Structure formats: C-alpha cells, structure tokens
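S.K.: no sequence on hand, only this structure:
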C-alpha cells in the first residue's frame, strides 16, 4: 500500500510538472505568433513614448500593492507562528525539563531477560553512553520528546494549514490585482494613441495564462521550502540535547571496574538534572530564532517566482 501510494504521488507530481511546462511552451508559442502578427506593426516614436508613459503610470501602483501584500503575508505567517507554535515550544520545554530525570531513570531500571518493564542492560547502557546517547535507543530523542510531542499539532497547523491558506490567498490577491491592472491599462493605452486592433486583449490573454502557471510554480516551490525547513527545525532539537549531554556520557563511559555501572548511572542522571534548567531552552532557541528568517525566505520565493516576475513580464510585453 505504501509503495502504491508513493508511486501514485510521484506520477501525479510528474504529471503536474509536465502540464505546467506544456502550458508555458504553448504560451511562449502564442506570444511569438502575436509578435509576428501583421497587425503588430511599429507605432510612431512620439506615440511610443506616450504609450510607455501610460504603461508606467498604471504599472507603478501595481508594484507597490504587490510589495504591501508580500509584507502582509510575511507578518501574518509570523503572527500565526507566535500564536500557535511558540507557546507550545515553551510549554514543551518546561515539560521536558520537568520530566527528564524520570526519563533518565527508566534507562537504569533492573533489567530482565524477558523484557518486562526493565531498563537497559548495563552493557547496553554503557554502549549508548560511548556513542553519545544513541545506539540501541536514542537517549537524546527520549529526553527531548516532550518538546516535539507538545508542538507536533501546532507544526501541522502553522506550517501546512496556515501557510498554505495564506499562500493561496496571496496568489489569488496578486492575480486579482493583475486583472485590475489589465482593466485600467487598456483604456489608458488606447487614449495614448494605440490602435484598437485587438493587440491589448491578445497580450492580456497570454499574460494571464502565464500568470496562472507561475502562481502554481510559486505555490509548489514555497510549499517544498516550508516542509524542508520544518523538518530541519524539528530535527535540530535532539542534536542540541546530545551536545549538552556529551560530557556526562563521556564521564560515564570512562567508569570501569566493580560498581562502575552504578557510578555511570549516577553520573548521567546527575548531568541530566544539572543541565535540565538550560539544556532544553538552548535546544528550542534556534527554532524560535529561525522562524522569522524562514518566513522571509518564503516571501522572497513568492516574490522571485511570482510577483517580481509578473511585473517584469508586464513591462516586457507591453512596453
């Protein structure tokens, strides 16, 4: 079932890429035909200057509106993160600090061959310490588990649902503003002396088709970037805990001889207790610091793929 799902998702994604590229090729061909059309003759230089001036007058407000929409998108995504994810990270940090010693003590419960509720065999415990807490089990992930458990639902709500909703709204608003631009541009160009030969309508049709393809590409790229960064942020917690726990693991590994396991357990548990006040705050700090840059990068992606490119295409095709 999993294999079939992966194959189906891969084929669907491939079909979407092919469709988008085909639409781009069709749009390019139609634009080339329009450029070579006999109706698209040269206009007098004086009329050309008047047309360029009319174009810039109508285009300038569009560029400003797009920048404001991008800023609003950035601010809204940061607000959703601060509202839904940040409090859960903070509460998860408190839960991890409160329960970390109890978690560490489960590793040293009396071991039984039948499994039961026992902890780790002394040799397994030592092997985990020798490998910085990650071997048969991952001690670092278990210590940081309350953080990820607390924030898991909020991750989904913000990075998938809210960002997706805000992104779709942004792209709809951009396309709506471009439609307003086209509605205002046609009479302005005709008033400036452009012959009413259907050229403006043809160019508008081509640009709107290109805009739809560009919006889909922007949505896909932005979504991929968000999911990639979300995974990176989630995976950054345990390595930070591991770095803070390494001195305790190393000291525990160095113990040898009679009673070494009991001493090793005490060393690790004492280190967990001593580090709990700051260790998890340090693990969460990079996530809190990376949120704003992440959403700014998302905004830049949309701007580069969709907004800025749209303005450039409008200027190139009309001027």
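M.R.: Okay, I see it. What you see is a predicted model; the values in this text were computed from it and never measured.
S.K.: helices and strands of the protein: which one has the lowest mean pLDDT?
M.R.: Averaged element by element with mean pLDDT, DSSP states H and E, the chain has its least confident helix or strand at helix 2-36 (a mean of 73).
S.K.: what is the rounded mean pLDDT of the helix or strand that that one is followed by?
M.R.: Helices and strands here follow DSSP states H and E; after helix 2-36, the next one along the chain is helix 45-80. For helix 45-80, the mean pLDDT works out to 86.
S.K.: what's the helix or strand following helix 45-80 in contact with?
M.R.: The C-terminal neighbour of helix 45-80 among helices and strands, as given by DSSP H and E, is helix 86-106. Contact partners of helix 86-106, identified using C-beta atoms under 8 Å, 6 or more residues apart in numbering, comprise 119, 139, 142-151, 153-154, 268-269, 272-273, 276-277, 279-281, 283-284, 287-288, 291. C-betas here are computed from N, CA, C, even on glycine.
S.K.: report the buried residues of helix 86-106.
M.R.: Residues of helix 86-106 classed as buried by neighbour count (16 or more other C-beta atoms under 10 Å): 86, 88-90, 92-93, 95-97, 100, 103-104.
S.K.: pull the most distant pair out of those residues.
M.R.: Farthest pair in these (C-beta to C-beta) is 86 and 104. Separation: 27.2 Å.
S.K.: wait, what's in contact with the residue nearest the centre of the chain?
M.R.: Nearest to the geometric centre of the chain sits residue 226, at 1.1 Å (C-alpha atoms, centre = their mean). With contact set as C-beta under 8 Å, 6+ apart, residue 226 has these partners: 159-160, 163, 294, 298.
S.K.: related to what we said a few turns ago, need the buried ones from the contacts of helix 86-106 selected in PyMOL.
M.R.: Command for PyMOL that selects the buried part of the contacts of helix 86-106, burial taken from 16+ other C-beta under 10 Å:
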select buried, resi 119+139+142+143+144+145+146+147+148+150+151+154+268+269+272+276+279+280+281+283+284+287+288+291
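S.K.: now intersect the contacts of helix 86-106 with the helices, please.
M.R.: With helices identified by DSSP state H, the entries of the contacts of helix 86-106 that belong to them are 139, 142-151, 153-154, 268-269, 272-273, 276-277, 279-281, 283-284, 287-288, 291.
S.K.: could you report the pLDDT at residue 262?
M.R.: On the pLDDT scale, residue 262 is placed at 95.
S.K.: surely residue 47 and residue 194 touch.
M.R.: Yes. Look at residue 47 against residue 194 with C-beta atoms under 8 Å: they come within range, at 7.4 Å.
S.K.: those two: which has the busier surroundings?
M.R.: A side-by-side neighbour count of residue 47 and residue 194, using other C-beta atoms under 10 Å, places residue 194 first with 19 against 14.
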